[in-house]
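Peer 1: whatever this is, show me its structure:
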Amino acid sequence: MIVSESSTADTREVKSRYVPGPIDKLCAIEEIRQLKSRYFQVVDEKDWAGIEGLFTPDARVDFGGEGQYHIGHHGVTAADINPDDWIVSGGEATARVIAGAVSEVISVHQGHDPQIELISPNRAVGRWSMYDRLEYGDEVMHGYGHYHEKYERVNGEWKFSALTLTRLRVVWSDK
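Peer 2: Modelled structure (predicted):
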């Protein structure tokens, strides 16, 4: 059902808001939660092909803020960081960026408190609180922040159409 009202969804003004039936809403949200769970699993298991399949071909993925947190740790200098290298399109490029970042480390990713809003039968937006632990030899990075995401249902399956990671805090410790 479409309800006419003025609201802000996906950070832009819209004239109407999609209001799904309760069963459709619950099913879609659970499918998106499973998508996010698979994302964390394939990243931590280093399943690069699995990452590719979770994204639409034109998905915009932005990890551009990540590099700043690594300067001065595990051999990274400011000269090594180009945020534009961490903003990519599509699942294949996303898999390459993630592989470059975590293929040689032990990683544990967790997502919490999803806020998922359906904006049409085949589109949704979401925000997840996150924690990740990345072990770089003797150093451990503890990251806290949020994933801001857009989803699109393609051939009956939910996929990421956009993903941006923003961090609130990073703490480095010895292993």
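Peer 1: as a check, name the ranges of all helices in the chain.
Peer 2: In the chain, the helices defined using DSSP state H lie at 22-44, 48-52, 91-102.
Peer 1: would TSV of the ones you listed with mean pLDDT, distance to residue 154 and mean neighbour count be doable?
Peer 2: In this view, the C-beta of every residue, glycine as well, is placed from N, C-alpha and C. Listed next are the helices of the chain as TSV, based on pLDDT from 0 to 100; distance: least, CB to CB, whole Å; neighbours: other CB atoms under 10 Å:
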stretch	mean pLDDT	distance to residue 154	mean neighbour count
helix 22-44	97	11	15
helix 48-52	97	14	17
helix 91-102	96	12	18
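Peer 1: closest to residue 147 out of the ones you listed?
Peer 2: Across those, residue 147 has its closest neighbour in helix 22-44 (7.8 Å, CB to CB).
Peer 1: show me what that closest one packs onto, helices and strands only.
Peer 2: Using 3 or more CB pairs under 8 Å, 6 or more residues apart in numbering; DSSP states H and E as the contact test, the elements touching helix 22-44 are helix 48-52, strand 106-120, strand 123-136, strand 139-154, strand 157-174.
Peer 1: and the residue nearest to residue 37 when sequence neighbours are not counted, what is it in contact with?
Peer 2: In space, and not counting its chain neighbours, residue 37 is closest to residue 111: 7.8 Å by CB to CB, 6 or more residues apart in numbering. Counting by CB atoms under 8 Å, 6 or more residues apart in numbering, residue 111 touches 36, 37, 40, 128, 129, 130, 147.
Peer 1: about what we covered before: make TSV from the helices and strands packed on helix 22-44 and add distance to residue 74 to it.
Peer 2: Output for those, formatted as TSV (distance: least, CB to CB, whole Å):
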stretch	distance to residue 74
helix 48-52	21
strand 106-120	13
strand 123-136	4
strand 139-154	6
strand 157-174	9
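Peer 1: cheers, nothing more for now.
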